[in-house]
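Undergrad: Would you be able to build a 3D model of this:
(chains A and B)
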Amino acid sequence: MAKVLVFIDNPGPALKKSSLELLTIARSLGEPAVAFNGELHDDVAAALGAYGAQALYRPSADDLDDYLVGPKASYLAAAVLTADATVVLTENSAEGREIAARLGIKLGAGVITDVVAVDQDGTAHKSVLAGSYTTTAKATTPVSVLTVKANSITPEPAVTGTAPQAVTVELPETATAASARVTARSEKAASGRPDLSDARIIVAGGRGVDGNFGPVEELADVLGAAIGASRAATDAGWIGHEAQIGQTGKTVSPQLYISAGISGAIQQKAGMQTAKVIVAVNKDAESPVFEIADFGIVGDLFQVLPQATAEIKKRRG
Amino acid sequence: MEETLKIIVLVKHVPDAQFDRHLSGEGNTADRSESILSELDEYALEAALQLIEARGGEAAGNKVIALSMGAAGAVNAVKKSLQIGATEGVHLSDEALAGSDAAATSLALAAAIRHLGADVPADLILTGMASTDGETSLVPAQLAERLGLPQVTFVSALELDGGQLTARRDGDFHADTIEAALPAVVSVTDQINNPRYPNFKGIMAAKKKTITTLTLADIGVDAAQVGRSGSWTAVETAEARPPRTAGTIITDEGDAGVKLVEFLAAQKLL
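TA: All right, here's what the predicted structure looks like:
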């Protein structure tokens, strides 16, 4: 049976949903194992067992986070060899893709990014050119490295849980050579809202919010949604760049995307047109966003959004 | 190091995202007939130009070399870079490169960078945060791995001091300060600067600048290591996604917020 290694990096006190998705995909492809970095909390160890991890690998060094990408890729390469894995799964974040990129060169392994599904034979499905094509791709090498987008499947625990013993993977002495160092880190304040990249619902604001994200935030909170923004809104400084959706921001595929005061030019469309349902509110009836909206409202977001928020509250009593 | 700077900026000729883009042929590669300099590469070029201008520019012996790998048309990305201000251009072009994936691309670019640094090694290899066609962001990290250089990627600020660089990398949950020794591979985001446009003087000056064409033989790479045969991944099928069609569009008559909620309820999204 193929050994499938899932890389999980610093989950903190609980595994992210996207990690549970990776473990579920790993089980569908073969025997799942986990290469872990960071502090291993009891709840996380229990979740790894519940999702069927047969083996657990941890690095011999605890300073991997002091460097950018390179040493983590060295650790993961050593873990792949120790585990004798033929498939490696990582998350599709910027760092996840970069670790995958370097791992690929170290192992002579093909890397496929932005994967949304993997067939039993290793064929990966993804969408390209800003969602205008869906493709299948396959690594032609003995080992394949796949970075998988969040929200690709519903996570399911294993029928039979496990209790894997941690195995220490020795890092090569050269692991930190020629690496950039992280010399300072400032944490960003947590919003308490879902992560943009794996949110089921996103409410996004653009130029039309004119500096006031209040109505967007209130609708998002009543829907349990994440908040996104167009580049116009982040460039104006109304909201942090990490909220940007589009070609140079995040690409998202939520169940529901509510676009408020965003014209929907190509740069924005590239980041959200694979959403299942798109709702758009914009004053300008000519906005391109209406060409792709399942439900469009030509109107003032400062009227429409608060009314919708009040109506949802009313229905929920 | 860093009395004068030698910076190689990687630029890519990509299908213009303003038009419909298509995949076709064996290997399902992108049609490049309506192509431009990748918008995200303009930020890397601007960062390079600002660094040399702060050190006396070209007159003081600093260089910004725009390097593009691609078919004949890719020379246009190099020309545009020269108009914007790069001091010289290099076009790596060979039929055997067609269909290269990120691994094969990084192999060829690493060889070209070594070739260009044979006499005076480059201090910096600068790239955009992604290409606007492939959008994988794999190549900068793979180049760093192949060249054995520090990787400093997705940065929104960059400073050089002596043989050291300091950069800022903004993540979703934290912002990091990154330090590395030169030479290094650096990719920059669209937050780092506001790229300049070519002006008339730049366009005229570009005509006098040199563009060197390199083939695989020049950089010592065997044809079998690149292109579709040298790639480690293959795109097996490509299907155009049916375009999204507009649904119901209404004009607010005072009750659109309620109608929005009715729509969500009907879609079982509440």
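Undergrad: Next secondary structure element downstream of the lengthiest strand in chain B?
TA: Ranked by number of residues, the top strand in chain B under DSSP state E is strand B:151-161. Counting by DSSP states H and E, the next helix or strand C-terminal to strand B:151-161 is strand B:164-170.
Undergrad: re the thing from before, buried sites along the longest strand of chain B?
TA: Using 16 or more other CB atoms under 10 Å in any protein chain shown as the test for burial, strand B:151-161 gives B:151, B:152, B:153, B:154, B:155, B:156, B:157, B:158, B:160. All C-beta atoms are positioned from the backbone trio N, CA, C, and that covers glycine.
Undergrad: now it: mean pLDDT?
TA: On average, the pLDDT along strand B:151-161 is 96.
Undergrad: And chain A, is that strand touching that?
TA: Yes - contact of strand B:151-161 with chain A is found when judged by CB under 8 Å from any CB of the partner chain, involving B:151, B:152, B:153, B:154, B:156.
Undergrad: Switch the residues you listed over to JSON lines; also include distance to residue B:40.
TA: Supplementary listing: these in JSON lines, determined by distance: CB to CB, whole Å:
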{"residue": "B:151", "distance to residue B:40": "17"}
{"residue": "B:152", "distance to residue B:40": "16"}
{"residue": "B:153", "distance to residue B:40": "13"}
{"residue": "B:154", "distance to residue B:40": "11"}
{"residue": "B:156", "distance to residue B:40": "13"}
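Undergrad: Determine which two of those are furthest apart.
TA: B:151 and B:156 (15.8 Å; CB to CB).
Undergrad: what helix or strand is residue A:26 on?
TA: Assigned by DSSP H and E, residue A:26 falls within helix A:17-29.
Undergrad: now residue A:145
TA: Using DSSP H and E, the element containing residue A:145 is strand A:144-148.
Undergrad: Now do the helices in chain A.
TA: In chain A, the segments counted as helices under DSSP state H are A:17-29, A:42-50, A:70-83, A:94-107, A:214-223, A:231-235, A:266-272, A:301-315.
Undergrad: So what's the residue count around the nearest residue in space to residue A:98 that is not next to it in sequence?
TA: Nearest non-adjacent residue to residue A:98, counting by CB to CB, 6 or more residues apart in numbering or on different chains: residue B:141, 4.2 Å away. For residue B:141, the neighbour count with other CB atoms under 10 Å in any protein chain shown is 32.
Undergrad: And the one 4 residues further on, by the same measure?
TA: Other residues within reach of residue B:145 by the criterion other CB under 10 Å amount to 25.
Undergrad: isn't it right up against residue A:73?
TA: Yes - under the criterion of CB atoms under 8 Å, residue B:145 makes contact with residue A:73 at 7.3 Å.
Undergrad: quick one, what contacts residue 219?
TA: Picking chain A for this. Going by CB atoms under 8 Å, 6 or more residues apart in numbering or on different chains, residue A:219 touches A:203, A:225, A:258, A:260, A:305, A:308, A:309.
Undergrad: right idea, wrong chain: chain B
TA: Residues near residue B:219 by CB under 8 Å, 6+ apart: B:92, B:108, B:111, B:112, B:114, B:115.
Undergrad: try it again with 6 Å
TA: B:111, B:112, B:115 (CB atoms under 6 Å, 6 or more residues apart in numbering or on different chains).
Undergrad: how much space is there between the first one and residue A:178?
TA: In this view, residue B:111 and residue A:178 are 18 Å apart by CB to CB, to the nearest Å.
Undergrad: higher neighbour count, the two?
TA: Counted by other CB under 10 Å, residue B:111 and residue A:178 do not tie: residue B:111 has more neighbours, with 21 against 17.
Undergrad: per-residue confidence at the residue nearest to the more buried one when sequence neighbours are not counted?
TA: Once flanking residues are discounted, residue B:111 sits nearest to residue B:219: 4.2 Å by CB to CB, 6+ apart. At residue B:219, the model reports a pLDDT of 98.
Undergrad: repeat for residue B:2
TA: Listed pLDDT for residue B:2 reads 50.
Undergrad: go on, residue B:245?
TA: Reading off the confidence values, residue B:245 has pLDDT 82.
Undergrad: Enumerate every residue touching residue B:88.
TA: Counting by CB under 6 Å, 6+ apart, residue B:88 has contacts B:65, B:209, B:210.
Undergrad: do you know how far the closest residue in space to residue B:229 that isn't next to it in sequence is from residue B:215?
TA: Leaving out its chain neighbours, the residue that sits closest to residue B:229 by CB to CB, 6+ apart is residue B:223, at 7.8 Å. Distance of residue B:223 to residue B:215, given as CB to CB: 10 Å.
Undergrad: Over to residue B:147?
TA: Plainly put, residue B:147 is 21 Å away from residue B:215 if you go by CB to CB.
Undergrad: Stretch B:129-137 near chain A anywhere?
TA: Yes - Stretch B:129-137 lies within reach of chain A by CB under 6 Å from any CB of the partner chain, at B:136, B:137.
Undergrad: distance between the ends of that stretch?
TA: Its start and end residues considered, stretch B:129-137 measures 6 Å (CA to CA, to the nearest Å).
Undergrad: Can you give me the domain assignment for chain A?
TA: A:3-169, A:196-316 (automatic domain parsing).
Undergrad: Quick check: end-to-end length of the last one?
TA: Its start and end residues considered, domain A:196-316 measures 25 Å (CA to CA).
Undergrad: In contact with the residue of the stretch 1-150 of chain B found nearest chain A, which residues?
TA: Using CB to the nearest CB, residue B:141 is the residue of the stretch 1-150 of chain B that sits closest to chain A, at 3.7 Å. Listed by CB under 6 Å, 6+ apart, the contact partners of residue B:141 are A:98, A:101, A:102, B:151.
Undergrad: cool, residue A:285 as well?
TA: Taking CB under 6 Å, 6+ apart, we find residue A:285 in contact with residue A:298.
Undergrad: about what we covered before: element containing the residue nearest to residue A:98, please.
TA: Using DSSP H and E, residue B:141 sits in helix B:138-147.
Undergrad: For that helix, output the C-alpha coordinates as PDB.
TA: C-alpha atoms of helix B:138-147 as PDB (Å, rounded to 0.1, in the frame of the first residue of the first chain):
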ATOM      1  CA  LEU B 138       7.100  27.400  -7.400                       C
ATOM      2  CA  VAL B 139       9.900  28.700  -9.500                       C
ATOM      3  CA  PRO B 140      11.600  31.200  -7.000                       C
ATOM      4  CA  ALA B 141      11.800  28.600  -4.300                       C
ATOM      5  CA  GLN B 142      13.000  25.900  -6.700                       C
ATOM      6  CA  LEU B 143      15.600  28.300  -8.100                       C
ATOM      7  CA  ALA B 144      16.900  29.000  -4.500                       C
ATOM      8  CA  GLU B 145      17.100  25.300  -3.900                       C
ATOM      9  CA  ARG B 146      19.000  24.600  -7.200                       C
ATOM     10  CA  LEU B 147      21.400  27.500  -6.700                       C
END
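Undergrad: Next, the angle strand B:151-161 makes with that helix.
TA: Computed with axes from the mean of the first three to the mean of the last three CA atoms, to 10 degrees, the direction of helix B:138-147 lies at 80 degrees from that of strand B:151-161.
Undergrad: what's the closest non-adjacent residue to residue B:60?
TA: residue B:4 (6.3 Å).
Undergrad: I'd guessed that neighbour sits against residue B:59; true?
TA: No - checked against CB atoms under 6 Å, the pair residue B:4 and residue B:59 is beyond contact range at 10.6 Å.
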